[in-house]
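Chemist: Take a look and give me a structure for this.
(2 chains)
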Amino acid sequence: MSEPTAVVKKPKTFDRLRVLPQEIWSSIFRHPLPDSDLGRSQTSFTNFFLHIHPVKVDRHTLKPWFTMGLGLMSFFLFVILIVTGILLMFYYVPSTQQAYDRMLDLRGSVAFGTFLRNMHRWGAHLMVAVVFLHMCRVFLTGSYKKPREFNWVLGVVLFLLTLFSSFTGYLLPWDQLAFWAITVGASIAGYAPVVGKEMQFLLLGDTAVGQEALLRFYVLHIAVLPAVMMLLVMVHFWRIRKDGGLSRPEPEAAVAVAQEVPKPKKFGLQGLVRGQVLNAGSSTENSVYSWPNLFIAELFVFVFTLAVILILAMFFDAPLEEPVNMTHPPNPAKAPWYFLGLQELVSYSAFWGGVGIPGLMVVGLLIAPYIDRGRKGVGKWFARERLLANTLFVSFAILNVILVIIGTFFRGPNWEFVSPW
Amino acid sequence: MGNHGTQKPAEQEEAGGRRRVLTFLSAFGLIGSAVLSAFSNFVFIKPRATYGQPSRFHVGKPDDFPSGTKLALEDRRICLVRDGDQFAAVSTTCTHLGCIVSPSDTGYSCPCHGSRYDQDGNVTGGPAPKPLAWYKVSLAPNGELEVDKDQEIKPGTYFNV
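Modeler: Purely as a prediction, here's the structure:
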């Protein structure tokens, strides 16, 4: 290794052993904990798990009230759901004969069985809510605008996949709630024009909810949907970086300053591929090193999310109703809460409530960034320049929340209006 | 690519045309295979035979049901009606979202979203979009009534024993 100098002392075996742990450690972690700016930059470059992060991050991105960590929270919930889901798979059997008994076993004889199921159930509910709130945040801060429009589209697709994952998981306990919620949900799919009946048959694998449907929903729930979601989450994250990081307000003179920047010399492949990069508004004085600023923030969000789930799972047990009775629907038969707005609409008109209006809403969300092309008010909550778009979106969100509340609390037997008080 | 300069213009054009045709054909082949494999996956997941209940079944001898019977056969999801010598099998699957309707004094009512039907299965209230289905009833060779859920008939059409 070293230069052959006068006297090279042969290292003793003991010395070699003494440095062995250090050698192993440094083979895994290429750098010690950073204590210089160079070290702080190296964290994002040399660590696989950190390399998704930028070396420096804009101060605005780190303001807690700008993002409220909702996107990260969705991701951490997704991770918690995968871990608890895989653990639950060790005991679950997707058979109409066994599924419900396995639920009882989970409760009665499996160590931490109830706790894991609680974590999975509350995590799923929370994820639906948090993904929705994340979507609200992105819209109300105008962060879906160019160049982030396709990432918004991916986000909407991920929201729908979240709902579908939750829906497919709902059938698995094979209790009354599960069976009738899926019967109702699959019938809604059947109202889609032209392909509706075919789609329902494909989804259920039969004309009614039964063993085939249970198996299909299981495969979708544990393999197909998580795989697709993982792929899309990766693209979603990657595009955040490639679209220039999180949105932030452009400073007053940003455009003028950007034009004055001389054309940078293009060194190497990256310069050629990416062309001229003008990071207007994210000047050096506005940004801080990701280590430790961003990583601490992310760790906080993770610990917070996990704590909420653990506390919920500790104090509230996931419901399990009577085993399936195919001949006696509960009265009222209710879908999971996030579909109760849909069910409320469906009680007026099956086609418009179940397919027409939700379809229009989804299409509206998907094309929003291509219609709303104003460049003003990006990176600010409730920007005055975006009053119309924000008002429309808030009305849409409140309408949905109201429908869910009516469906949850104000509907009794025969779906008649009841007062919760 | 590299020897373009040495070719005559006509030859070059010919080579470019050939290349375009080959590109087009390969693209056509690749996209075609992708479409075909997507289609065969679709065919695969659509079951040819289902494992559920048979759609044609016997319910019993006509004499088992006295006149005026309105008996919901819950497992079969039908309601067997006898009026004099006339028989009918009315579906108890709500046409709205697939819940099970239960016979009531005035006809049928659905617990899920409050659809109501009259004795013939016509919608009298609630969100149901169409009347309850009536299925074909016939007499099997062994003297039992046979219901065929694959054959929907016009509501109000009874089977005379």
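
Chemist: Burial check on residue A:296, number of neighbours?
Modeler: 12 (other CB atoms under 10 Å in any protein chain shown). Bear in mind the C-beta positions are built from the backbone N, C-alpha and C, glycine included.

Chemist: what residues go with each domain of chain B?
Modeler: B:8-45, B:56-160 (automatic domain parsing).

Chemist: Reformat those domains as TSV; add mean neighbour count and mean pLDDT.
Modeler: TSV is the format used below for the domains of chain B (neighbours: other CB atoms under 10 Å in any protein chain shown; pLDDT from 0 to 100):
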stretch	mean neighbour count	mean pLDDT
domain B:8-45	10	89
domain B:56-160	17	86
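
Chemist: Tell me which residues touch the residue nearest to residue A:65 when sequence neighbours are not counted, please.
Modeler: Nearest residue to residue A:65 in three dimensions, chain neighbours excluded: residue A:381, at 7.9 Å (CB to CB, 6 or more residues apart in numbering or on different chains). The contact partners of residue A:381, by CB atoms under 8 Å, 6 or more residues apart in numbering or on different chains, come to A:65, A:66, A:140, A:141.

Chemist: element containing residue A:288, please.
Modeler: strand A:287-289 (DSSP states H and E).

Chemist: Tell me which helix or strand in chain A has the weakest average pLDDT.
Modeler: Within chain A, no helix or strand scores below helix A:254-260, which has a mean of 49 by mean pLDDT, DSSP states H and E.

Chemist: Show me which positions of the top helix by length along chain A end up buried.
Modeler: Counting residues, the longest helix found in chain A (DSSP state H) is helix A:113-140. Neighbour counts using 16 or more other CB atoms under 10 Å in any protein chain shown place A:113-128, A:130-135, A:137-140 of helix A:113-140 among the buried residues.

Chemist: And the residue lying closest to residue A:60 once chain neighbours are set aside, how close does it get to residue B:131?
Modeler: In this structure, residue A:60 finds its nearest non-sequential neighbour in residue A:248, 4.1 Å apart by CB to CB, 6+ apart. Applying CB to CB, to the nearest Å, the value for residue A:248 to residue B:131 is 59 Å.

Chemist: Also residue A:187?
Modeler: Applying CB to CB to residue A:187 and residue B:131 gives a distance of 16 Å.

Chemist: what's the burial count for residue 50?
Modeler: I'll assume chain A. 16.

Chemist: not quite, I wanted chain B
Modeler: Neighbours of residue B:50 using other CB under 10 Å come to 17.

Chemist: quick one: the strands in the chain?
Modeler: All of this is about chain A. For chain A, strands defined by DSSP state E occupy the ranges A:56-58, A:287-289.

Chemist: Oops, wrong one, chain B.
Modeler: B:56-60, B:70-73, B:78-83, B:86-91, B:102-104, B:107-109, B:116-117, B:123-125, B:134-139, B:145-153, B:159-160.

Chemist: right, so of these, which gets closest to chain A?
Modeler: Nearest to chain A, of all the strands of chain B, is strand B:107-109, at 7.2 Å by CB to the nearest CB.

Chemist: Any residues of chain A in contact with chain B? List them.
Modeler: A:180, A:183-184, A:186-188, A:190, A:201-202, A:205-208, A:210-212, A:326-333, A:343, A:346-351, A:353-354, A:413-416 (CB under 8 Å from any CB of the partner chain).
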